[in-house]
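Asker: Test case, fold it:
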Amino acid sequence: MKLVIIFGPQAVGKMTVGQELVKMTDLKLFHNHMTIDLVSNFFSYGSAPGKRLVRLFRQEIFEEVAKSDLAGLIFTFVWAFDLQSDWDYIKHISGIFEERGGTVYYVELEADVNERLARNKSPHRLAHKPTKRDPEFSERDLLETMENYRLNSLEGEITHPHYLRINNAKLDPETVARKIKEKFEL
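Answerer: This next block holds a predicted model:
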C-alpha cells in the first residue's frame with residue numbers, strides 16, 4: 001500500500017499532477033477539494049461544522065483505503081508549515097498507512113505567485129473545484145493564505161526518507177508526474 005501526499009500552495013498544480021500520476025500508476029486520486037466541495041454544499045469550509053465534516057470524511061476514506069487491497073492513494077494538501085496542527089495532521093494520516101505496512105511518499109510542489117494566480121483561473125481547475133469558481137474570492141483567498149502562512153518548506157525542514165521537491169512553474173503536469181513515478185518507483 002502506498003500513500004503519495006502531494007502538497008504545496010494553492011493553484012500550484014497538485015490535483016493536475018495527481019491526475020497525471022493516476023494515468024501512470026494503479027493509485028487512486030483523493031484531491032483535497034473532493035471533501036471540501038462536498039461539505040461546502042452545506043457548511044462553509046471555514047466553519048466548525050465544515051472543518052469537522054471534511055476531517056471526518058477524509059479520516060474514514062484513509063482508513064478504508066489503508067486496509068483495502070488497492071495499490072494506494074494520492075492525496076493533495078495545502079500544508080501550512082508554521083502550524084503545528086498541519087504537521088500533526090500529516091503525521092497522523094501517514095501513520096494510518098504506515099501502521100498497516102504501507103509506504104508514504106511526500107511530494108512538495110512550488111511555483112511563484114504569478115504562475116499560481118494564472119493557474120487559479122484555468123478552466124481545468126474551475127471544472128474540478130466548484131468552490132474556486134468565484135474568481136475574486138479565490139484570488140483573494142490565495143493571496144491572503146500566502147501572506148498568513150508559510151506554504152513551502154524550508155531547506156532541510158522535511159526529513160522524511162521518501163521526499164521529493166519539484167519547482168513545477170515551467171514543467172507540464174505529465175513531466176512532473178513522471179519524475180514522481182520514477183523517483184519512487186511507483
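Asker: Could you find the closest non-adjacent residue to residue 115?
Answerer: Nearest residue to residue 115, sequence neighbours excluded (Cβ to Cβ, 6 or more residues apart in numbering): residue 169, at 4.7 Å. Where C-beta positions appear, they are placed from N, C-alpha and C, glycine not excepted.
Asker: Helix or strand: which one has the one you found?
Answerer: Assigned by DSSP states H and E, residue 169 falls within no helix or strand.
Asker: which residues of this structure score low on pLDDT?
Answerer: Scanning the chain for pLDDT under 70 picks out the ranges 122-134.
Asker: what residue is smack in the middle of this structure?
Answerer: Nearest to the geometric centre of the chain sits residue 76, at 1.5 Å (Cα atoms, centre = their mean).
Asker: Now for the residue found closest to that one once you drop the neighbours it is linked to in the chain: which residues touch it?
Answerer: Counting by Cβ to Cβ, 6+ apart, residue 76 lies nearest to residue 14, which is 3.8 Å off, once chain neighbours are set aside. Taking Cβ atoms under 8 Å, 6 or more residues apart in numbering, we find residue 14 in contact with 6-8, 31-32, 76-77, 109.
Asker: Apply 10 Å and report the result again.
Answerer: Going by Cβ atoms under 10 Å, 6 or more residues apart in numbering, residue 14 touches 5-8, 29, 31-33, 74-78, 107-109, 168, 173.
Asker: and the residue nearest to residue 115, how many residues sit next to it?
Answerer: Residue 169 has 15 neighbours, counted by other Cβ atoms under 10 Å.
Asker: circling back to that earlier point, buried ones among the contacts of residue 14?
Answerer: The neighbour-count test (16 or more other Cβ atoms under 10 Å) marks 5-8, 29, 31-33, 74-78, 107-109, 168, 173 as buried among the contacts of residue 14.
Asker: Wait, residue 93 touches residue 87, no?
Answerer: No - the criterion here is Cβ atoms under 10 Å, and residue 93 misses it with residue 87 at 11.5 Å.
Asker: circling back: wait, what's in contact with the residue nearest to the centre of the chain?
Answerer: Residues in contact with residue 76 (Cβ under 10 Å, 6+ apart) are 4-8, 12-18, 29-34, 107, 109.
Asker: And residue 151, by the same measure?
Answerer: By Cβ under 10 Å, 6+ apart, the contact list for residue 151 reads 7-10, 12, 78-82, 86, 108, 110, 116, 142, 145.
Asker: Tell me the one of those nearest residue 68?
Answerer: residue 7 (23.1 Å; Cβ to Cβ).
Asker: got a list of what the closest one touches?
Answerer: Counted by Cβ under 10 Å, 6+ apart, residue 7 has contacts 14, 32, 75-81, 86, 90, 106-109, 151-153, 158.
Asker: Sheet partners, orientation included, of the longest strand along the chain?
Answerer: If you go by DSSP state E, the chain has its longest strand at strand 103-110. In the sheet, strand 103-110 lines up against strand 2-7 (parallel), strand 163-167 (parallel) (DSSP bridges).
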